[in-house]
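Engineer: model the following, please.
(2 chains)
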Amino acid sequence: MFWGIVVNEHRKVFKRSLFWVALIILTGISLIMFAGLYFSQQAGETLISGDIAAITWPFSLVAALQHADQLGIFIVVLLTATVACQDYSLGTMRLWLSRGLKRPTLWTAKTTALILPFLLIAALPILASSPVTAYFTLMLKGTINYSEINLIQVLLGVLRTAYSFLPYASITLFLAVATRSLAATFGGGAAFALLENLVCQLLGEKIEILKFLPRQMANSLANSNWLISNTSAIAENSALLANGYAVVGLLLWALLFFSLTLLISRGQDLTE
Amino acid sequence: MSEIVLEIRQLTKRYKDITAVSDVNLSVGRGQIYGFLGPNGSGKTTSIGMILGLIHATRGEVRIMGEAVTPRQNGPLNQVGAMLGQHGFVPYLSGEENLLMLARIHGIVGKGRIKEVLAQVGLEPAGQRKVSSYSMGMKQRLALGGALLDRPKLLILDEPTNGLDPAGMREVRNLLRTLADDGTTVFLSSHMLHEVEQICDRVAVLNHGTVVAEGNVAKLLERPAATLVRVPSPEIAATMLRDLEGVSSAEVVQGNDVAVSGVSAEEVVAFLVDRGIIPSSVSTDQTDLESLFMEITKKGADS
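Structural biologist: All right, here's what the predicted structure looks like:
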């Protein structure tokens, strides 16, 4: 039954036009950012070396993952909020639970089913922008040095990015179950992500405890994306946790809010 | 009674100061079609929510095939096919895909059963269409199909004929009768009293969260018919008739008529003629479920 529900949830997500529109927007923004820098350079503007590196391989691959990480969170929040809240508003949850399906099974399956869309959100900017940035690389550098690229790290980068979405999905699910309102859930989830990002940017290096926020732990994992270039090493950053701690920390955030989701859901009366 | 499929004991639901359902008791036997009646807000949907493990009962218990059902212990519901007021279908998926999702919950593999059910509810040609393009009646049919999908032992249907045209209603009525004859138990809520009267073996009437009448439909309707007499001064006649021995009620209805219960039409006419009142017409008012329902629920509202 569990995997049947996962398949059902996949049907619901992948047949939802909102999901594909959001992915197209994410990919579009990522491409525009790369193209903007490239055409600025072509127009004769002097770009700093970092900008040129960001639109050429291998660092363009790191930049694409950054786009997925920072913009993808909002798609994650929107998708999770829609998936959960529409089940309440359409009565799908009532229908399925009335067939003897257990609430924890439903929520666990729902969360499991989100992993594949999250991988897609993490991978799509890199997949869509790679041919474009490969072209920019050829134009700007004359050649692509494939030996500079660590493909395993590209794959791990996608996994790290998708993994760092989990706490946001979990917080959004919690808000969905607590409020049953799409507006409140999306608003709350997006506000949390924005506020947290702002706090981490402004105070991340000053306040020690902020490194335990999902954003900083996601940044800790994203720091390893520099290893996509075989010529790079991970820069030391005292505001970030070691990868192992970040992995555990992100999981704890996800589990905490998922447990709260289950707890609230167990006691809920599902009225029409 | 035959094997009890659904049993409800002292089922109560309170929301802070409001009691939505109070001490509901009923038993439904195998192969019965049981009607659950009540005006809007009487607690029907809340009761069905508790039966289906969607709403926590404040007190009391629900047993399906002898096993207790609660929101945390809802295993017995895998033998139940439910059709809810809010259908729960995903509008951007087709009818067939929606049924396929339900089939996965039941562990049904393959589309054979889905095609069969779509044909059974007359939706086969529209199976590939998105549910968002369905009419209300088509959604009702799809919901009924969903309830039938796993060949359940117990069907719980919330207003199953809502939105159907008369032909559709008859089809559903015949389908439910056939299923019941084959041993499926049907528990349905409805406000279509004529429908209920035609199809149900037993009914419970719910008012203000309490069961105010329960029993075999034929038995409930088995009561002396009221005599309707048309007289020039109905108020005076009604007052006089209340003194006649055996009269349980004498009320003015529809302007000039007096409805008298508890005594025969002959006794009423003789009594009035003795007092110089000559009725211009005399008839009997046959009780149907609708008038019984109105009477019962009116009493509840007055008390």
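Engineer: for chain B, what are the nearby residues on chain A?
Structural biologist: Within chain A, the positions lying close to chain B (CB under 8 Å from any CB of the partner chain) are A:1, A:4-5, A:7-8, A:11-12, A:15-17, A:90-103, A:266-267, A:269-272. C-beta coordinates here come from the backbone N, C-alpha and C atoms, glycine included.
Engineer: could you rerun that using 7 Å?
Structural biologist: Contact residues, chain A versus chain B (CB under 7 Å from any CB of the partner chain): A:1, A:4-5, A:7-8, A:11-12, A:15-16, A:90-92, A:94-102, A:266, A:269-272.
Engineer: drop anything exposed from these.
Structural biologist: Neighbour counting with 16 or more other CB atoms under 10 Å in any protein chain shown marks A:1, A:4-5, A:8, A:11-12, A:16, A:90-92, A:94-102, A:270 as buried within the residues of chain A next to chain B.
Engineer: could you tell me which of these are located in helices?
Structural biologist: Applying DSSP state H to those, the entries found in helices are A:4-5, A:8, A:11-12, A:90, A:92, A:94-97.
Engineer: all strands of the chain, in order?
Structural biologist: The chain I'm using is chain A. In chain A, no strands are found when defined by DSSP state E.
Engineer: meant chain B actually
Structural biologist: Assigned by DSSP E, the strands in chain B fall at B:4-15, B:18-29, B:33-37, B:59-64, B:67-69, B:80-83, B:154-158, B:185-190, B:202-207, B:210-216, B:226-230, B:249-253, B:257-261, B:281-285.
Engineer: quick one: closest of the ones you listed to chain A.
Structural biologist: Proximity to chain A, assessed across the strands of chain B by CB to the nearest CB, is greatest for strand B:80-83 (4.2 Å).
Engineer: so where's the stretch 1-150 of chain A uncertain?
Structural biologist: Residue ranges of the stretch 1-150 of chain A with pLDDT under 70: A:47.
Engineer: repeat that for 90
Structural biologist: Low-confidence segments of the stretch 1-150 of chain A (pLDDT under 90): A:1, A:40-54, A:141, A:145.
Engineer: make TSV from the strands of chain B and add distance to chain A to it.
Structural biologist: Formatted as TSV, the strands of chain B follow (distance: least, CB to the nearest CB, whole Å):
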stretch	distance to chain A
strand B:4-15	8
strand B:18-29	10
strand B:33-37	16
strand B:59-64	10
strand B:67-69	9
strand B:80-83	4
strand B:154-158	8
strand B:185-190	12
strand B:202-207	16
strand B:210-216	19
strand B:226-230	38
strand B:249-253	37
strand B:257-261	38
strand B:281-285	37
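Engineer: would you list those strands in CSV and tack on mean pLDDT and mean neighbour count?
Structural biologist: Formatted as CSV, these follow (pLDDT from 0 to 100; neighbours: other CB atoms under 10 Å in any protein chain shown):
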stretch, mean pLDDT, mean neighbour count
strand B:4-15, 97, 19
strand B:18-29, 96, 18
strand B:33-37, 94, 26
strand B:59-64, 97, 19
strand B:67-69, 97, 17
strand B:80-83, 96, 26
strand B:154-158, 96, 24
strand B:185-190, 94, 25
strand B:202-207, 92, 25
strand B:210-216, 91, 17
strand B:226-230, 87, 22
strand B:249-253, 85, 16
strand B:257-261, 87, 23
strand B:281-285, 83, 13
